[in-house]
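> Okay, here's the prediction I keep looking at, along with the sequence it came from:
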Amino acid sequence: MSDTAHNLAVSLFSEILAVDQLARANVARVLPKGMELSHFSVLNHLANAGVERTPAQLAKTFHLTRGAMTNTLQKLEWAGWVHVRPDWDDARRKMVAISPSGQAARDAALAAIAPVIADVVTKVGEDKAKAVLPVLREMRLKLGQVE
């Protein structure tokens, strides 16, 4: 790797990490009371998936340990935002589904987040946001293959 390519890579990932940190902070600030960003992420995934998932599947999706996902799911279950049940085919596993109140909480969070994100896109410019999206998707896919 040339020095120029190395410097480009370092600068690019420094910007991505800074944007990630700032985006998380701004989004977390407007989430409904008691909801953490990790809670929203799991609820949003379950709402979009439309099917039950095992804790192991969720851990893999979010690149977390099973223990970390179990902790998040316990908090979500305690809040009444997910239902956790035994897997009828394999008693060793559990199945997780979003509850009606979890769907409502996710929808409220999305409604709070949307203006924050839309404001940034407006300030940056829709054309620039559209132009960078394919590059970010491709980078995500390439990074996902690293494992």
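Received the coordinates, thanks.

> Give me the most central residue, this protein.
By C-alpha atoms, centre = their mean, the chain has its centre lying nearest to residue 41, at 3.8 Å.

> any low-confidence regions in this structure?
146-147 (pLDDT under 70).

> just to revisit the earlier point, thinking the residue nearest to the centre of the chain is in contact with residue 62, fair?
Yes: in this structure, residue 41 is within contact of residue 62 by C-beta atoms under 8 Å, at 6.7 Å. The way it works is simple: take the backbone N, C-alpha and C, and place the C-beta from them, glycine included.

> Can you name the next helix or strand after the helix ranked longest in the chain?
With secondary structure taken from DSSP state H, the chain has its longest helix at helix 3-30. Using DSSP states H and E, the helix or strand that follows helix 3-30 towards the C-terminus is helix 37-49.

> Pull out the buried positions in that next one.
38-46 (16 or more other C-beta atoms under 10 Å).

> any idea how far the residue nearest to the centre of the chain lies from residue 78?
With the distance defined as C-beta to C-beta, to the nearest Å, residue 41 ends up 17 Å from residue 78.
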